[in-house]
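Participant: sequence and predicted structure, then a few things I'm wondering about:
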Amino acid sequence: MLGSRYINPLDHPTLARLLSGYPPALVAGAPGTTPATDTSGNLGGASPLLHVRELPPQAALLDHWPIWVPAELVAALGRAGVEAPWPHQVEVADRAWRGESVVIATGTASGKSLAYQLPMLASVLTADRARALYVSPTKALAADQHRSVSQLGLPAVRPATLDGDTPTDDREWIRQHANVVLTNPDMLHRSILPQHQRWAPLLRRLRFVVIDECHHYRGLFGSHVSLVIRRLRRLCARYGAEPVFILASATSASPSETAQRLVGLPVTAVDDDLAPRGRRTVALWEPPLTALRGENDAPVRRAAGAEAARLLADLVIDGQRTLAFIRSRRGAEITALATQRHLVEAGAGELAPRVAAYRGGLLAEERRGLERGLADGELLGVATTNALELGMDVSGLDAVILAGYPGTLASLWQQAGRAGRRGRDALIIFVARDDPLDTFLVHHPDAIFDRALEATVTDPANPFVLGPQLCCAAAESPLTPAGVQLFGGPDAEPVLAELVARGLLRRRPTGWFWASRDLPVADIRGGSGQPVTIVEAISGRLLGTVDGANAPATVHGGAVYLHQGASFVVDELDLDRSIALVHAEAPDWTTSAREVIDIAITSVQQQARFDGMSVQLGSVTVSHQVVSYQRRRFSGEIIDETPLDMPVQRLSTKAVWYTIDDLLCTEAGIDPMDLPGALHAAEHAAIGLLPLFATCDRWDIGGVSTALHPDTGLPTVFVYDGAPGGAGFAARGHLVIRRWLTATHDAIQHCECLAGCPSCVQSPKCGNGNNPLDKAGALLVLQTVLDRLPD
């Protein structure tokens with residue numbers, strides 16, 4: 001990263017204090033001594049702190065207000081502390097005011113909000129009855145923007161938030177009077193567009209549409225949102241409006257192309273970040289190995305969440321306002337509780353109430369109370385899911401902990417940027433999970449600091465996405481041949497024909513008509529199956545819901561379920577009635593489901609052979625079944641495994657796979673008895689490393705390996721998308737397969753274990769109990785493939 005430099009961690013007071021909590025044997029250089037470092041900045045010894053890099057500050061560069069900005073808006077911004085804009089803000093605002101759709105792709109705290117607020121607010125201040133629409137992926141971000149606009153104190157600007165918490169009576173006022181409507185894609189999809197006649201005052205006068213945090217729209221969700229936006233454009237045109245789109249994104253690869261795919265219009269990118277920023281110190285932290293042994297006697301590292309809780313407690317005691325990003329809702333709750341326990345044990349119990357968990361699924365009043373606590377400094381430490389990754393202005397934070405790689409470099413830097421806003425210095429600690437990708441990153445710092453950002457992956461042509469969205473569009477207004485061009489033209493035609501054949505649409509000379517009086521159903525978040533309701537058996541209290549397809553893995557009998565800091569254990573899952581009954585219990589263990597998977601090839605789209613091996617991309621049908629669950633202590637120790645009897649589920653999706661001839665395996669020195677374990681280990685590691693190249697999480701994808709697959713007749717390794725019809729991840733893996741498998745090989749090779757562990761080839765969701773696995777054989781398999789793949 002340009003201008004960054006390696007530093008001695010003991011020169012950073014906070015890092016030195018954090019390291020002092022480790023026994024001397026674990027610290028590469030005790031306080032007062034010089035730690036062993038090599039020229040790359042990696043620390044020697046067994047220190048949990050593997051690498052420290054300092055990113056330099058940047059001074060402010062100011063510009064003049066555009067001449068079209070009303071004086072009252074300039075005055076209001078001045079009262080709010082904004083004396084002058086930065087040059088990149090002016091460029092975005094000017095382009096949008098001229099009628100040009102634009103995306104601003106700059107880092108966190110780079111003033112993206114002002115860039116789109118200038119034209120948005122100027123339009124409602126200067127044009128009679130003009131409206132603006134703001135769309136964000138989270139309620140927290142929309143609420144923060146509402147607060148920001150309201151605090152300007154402009155009487156002519158009437159902002160209103162429209163989300164699932166908005167009372168019915170308020171919605172009528174919003175339709176008739178609000179001129180800045182702040183909402184999310186779900187409300188756009190479920191409320192505004194299906195009821196467009198009632199929202200005609202908004203659609204008819206819509207001047208600007210802001211799509212905030214647009215890099216968040218990826219995979220299946222992003223594909224749905226791209227089509228929801230096309231439905232919005234179509235209905236705006238029907239009412240005589242042609243709004244300008246302003247998109248805001250974290251720094252990302254190809255922001256113009258990504259934005260164009262999202263909105264279906266030419267979009268200009270502004271990505272020169274000229275905002276001031278403080279000094280940022282980034283530490284890569286690998287929790288130490290413990291004395292515990294895991295599955296198949298593999299070594300176990302201290303869990304990233306447990307390590308994050310210890311670090312968070314130390315930072316809170318040190319007076320550092322800190323966010324800890326945790327990968328799951330349950331993990332955020334556990335980390336917050338563990339932090340509070342550490343504070344009590346350290347004699348700082350008075351600070352425990354100033355630590356909390358923030359996650360999706362909280363009630364509106366609970367969520368907004370936590371947001372106020374963050375904003376006013378009452379909360380010192382917060383364990384959060386990525387719900388607080390996006391845009392909400394939490395000023396005054398000193399540090400961020402990332403407990404595990406968030407899936408993309410864009411998200412990593414977005415989360416890291418939550419601290420040090422408004423020019424303050426910041427500390428960022430990336431704590432590696434016991435996972436192949438995290439292990440690779442903390443041992444290869446250049447993959448974090450010097451690697452190009454990922455391209456956002458979407459596939460709006462996915463028929464499982466396009467079909468429901470075409471039904472929604474036709475229900476809103478009959479689809480004409482010209483209107484179909486908005487939805488992909490040639491890609492949409494076979495999908496329309498299938499919808500007609502299924503009786504969902506009717507074909508008429510003027511176009512396609514929705515064939516039912518009921519509204520079509522399309523879950524844009526990618527859920528499937530009837531939602532399962534979670535109920536406390538003794539009281540009948542409703543605790544929440546989970547997606548039907550995920551219920552066997554998350555709320556099976558014996559599963560631990562967390563709700564608002566309280567722990568429950570599932571007594572019974574009734575899939576026929578779509579209900580899970582639970583009781584309150586606080587066990588000292590967690591649960592994780594295991595599943596077995598089978599896969600069949602239905603078609604091949606691309607294939608290439610290279611001297612005894614082949615690489616292919618195509619459509620597959622995946623059969624998967626949850627067969628058991630493990631109980632683990634918070635330390636990672638496995639208590640036991642309990643069998644389950646769950647129905648088989650089927651998924652039609654896309655996959656990338658490679659085959660190896662038996663002769664090549666023999667020449668590589670792989671014994672036929674070891675081949676299943678070698679392929680299995682290579683598959684697990686490849687799943688773990690694909691998120692390095694595609695904007696996905698390892699839980700978004702799956703894999704199968706076999707020494708003899710019936711469809712190929714050869715040893716085969718598959719990696720598939722976990723979404724119906726595919727989400728573009730397997731296709732991305734196919735495109736970069738050499739780079740992907742090279743990183744997979746390196747991650748296995750550099751892992752310090754002897755025979756395989758969760759940091760390299762074990763998978764937390766393997767239904768075969770991570771058996772057989774052959775670490776050495778996986779290296780031979782991958783090297784055999786890489787030796788034959790072209791550069």
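Facilitator: Cool, got the structure. Numbers count the residues shown, from 1 in each chain.
Participant: so which residues of the stretch 1-150 of the chain form strands?
Facilitator: For the stretch 1-150 of the chain, the strands defined by DSSP state E, counting those that start in this stretch cover 5-6, 49-55, 102-105, 131-135.
Participant: can you pull out the low-pLDDT segments for the stretch 401-550 of the chain?
Facilitator: By pLDDT under 70, the weakly predicted segments of the stretch 401-550 of the chain are 421-423, 452, 454-455, 526-529.
Participant: which helices and strands does the helix or strand hosting G305 pack with?
Facilitator: Taking DSSP states H and E as the criterion, G305 maps to helix 304-317. Packed against helix 304-317 by the contact rule (3 or more CB pairs under 8 Å, 6 or more residues apart in numbering; DSSP states H and E) you find helix 13-19, strand 322-326, helix 329-345, strand 355-358, strand 381-384, strand 399-403, strand 426-431. For the C-beta atoms, the positions are set from N, CA and C on the backbone; glycine is no exception.
Participant: lowest average confidence across the ones you listed, which one?
Facilitator: The minimum mean pLDDT among those belongs to helix 13-19 (a mean of 83).
Participant: quick one: buried residues of it?
Facilitator: T14, L15, A16, L18, L19 (16 or more other CB atoms under 10 Å).
Participant: related to what we said a few turns ago, mind putting the helices and strands packed on helix 304-317 into a markdown table with distance to V582?
Facilitator: Below are those laid out as a markdown table (distance: least, CB to CB, whole Å):
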| stretch | distance to V582 |
| --- | --- |
| helix 13-19 | 38 |
| strand 322-326 | 22 |
| helix 329-345 | 14 |
| strand 355-358 | 19 |
| strand 381-384 | 23 |
| strand 399-403 | 26 |
| strand 426-431 | 31 |
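Participant: where's the spatially closest residue to L73 that is not a sequence neighbour relative to A93, distance?
Facilitator: Leaving aside its sequence neighbours, L73 sits nearest to L121 (CB to CB, 6 or more residues apart in numbering; 5.7 Å). Note on L121: its distance to A93, by CB to CB, to the nearest Å, is 10 Å.
Participant: again, but for R577
Facilitator: Separation of R577 from A93 (CB to CB) stands at 54 Å.
Participant: and the two? which has more neighbours close in?
Facilitator: When R577 and A93 are compared for neighbours, A93 comes out ahead with 27 against 12, by other CB atoms under 10 Å.
Participant: ok, for that one, nearest residue in space, not its chain neighbours?
Facilitator: For A93, ignoring the flanking residues on the chain, the nearest one in space by CB to CB, 6+ apart is L118 at 4.0 Å.
Participant: looks like the one you found contacts E91 (just checking).
Facilitator: No - assessed by CB atoms under 8 Å, L118 is found out of contact with E91, at 11.1 Å.
Participant: quick one, which of the two is more surrounded?
Facilitator: Between L118 and E91, counted using other CB under 10 Å, L118 has the larger neighbour count: 27 against 20.
Participant: run through the residues that contact the more buried one.
Facilitator: Residues near L118 by CB atoms under 8 Å, 6 or more residues apart in numbering: P66, V69, L73, P85, Q89, A93, W97.
Participant: residues near the closest residue to V736 other than its chain neighbours, how many?
Facilitator: Using CB to CB, 6+ apart and skipping residues adjacent in sequence, the residue nearest V736 is F693, 4.9 Å away. Neighbour count of F693, defined by other CB under 10 Å: 21.
Participant: which ones are touching V267?
Facilitator: For V267, the contact set (CB under 8 Å, 6+ apart) comprises S101, V102, V103, F245, L247, S256, A259, Q260.
Participant: host element of the closest residue to it other than its chain neighbours?
Facilitator: The shortest distance from V267 to any residue other than its chain neighbours is 4.0 Å, reached at A259 (CB to CB, 6+ apart). Per DSSP H and E: A259 is located in helix 255-263.
Participant: so for that helix, what gets flagged as buried?
Facilitator: By neighbour count on 16+ other CB under 10 Å, the buried set for helix 255-263 is P255, S256, T258, A259, Q260, R261, L262, V263.
Participant: quick one: contacts for R330?
Facilitator: V560, Y561, L562, T590.
Participant: want to try TSV for these, with pLDDT, secondary structure and neighbour count as columns?
Facilitator: Shown next, in TSV, are the contacts of R330 (pLDDT from 0 to 100; DSSP: H, G, I helix; E, B strand; the rest coil; neighbours: other CB atoms under 10 Å):
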residue	pLDDT	secondary structure	neighbour count
V560	92	strand	22
Y561	88	strand	20
L562	79	strand	23
T590	86	strand	21
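Participant: just checking, V648 touches V622?
Facilitator: No - taking contacts as CB under 8 Å, V648 lies outside contact range of V622: 10.5 Å.
Participant: who's more crowded, those two?
Facilitator: Taking neighbours as other CB under 10 Å, V648 and V622 compare with V622 leading, 21 against 10.
Participant: can you give me every residue that contacts the closest residue to that one other than its chain neighbours?
Facilitator: Once flanking residues are discounted, V622 sits nearest to L651: 4.4 Å by CB to CB, 6+ apart. Contact partners of L651, counting by CB under 8 Å, 6+ apart, are T621, V622, S623, H624, G722, P724.
Participant: so which of these belong to strands?
Facilitator: Among the contacts of L651, the residues falling in strands (DSSP state E) are T621, V622, S623, H624.
Participant: distance check, the closest residue to the third one other than its chain neighbours against I701.
Facilitator: This points to S623. What sits nearest to S623 in space, not counting adjacent residues and going by CB to CB, 6+ apart, is D598, at 4.5 Å. Using CB to CB, we find D598 at a distance of 16 Å from I701.
Participant: likewise Q151?
Facilitator: Distance from Q151 to I701, by CB to CB: 43 Å.
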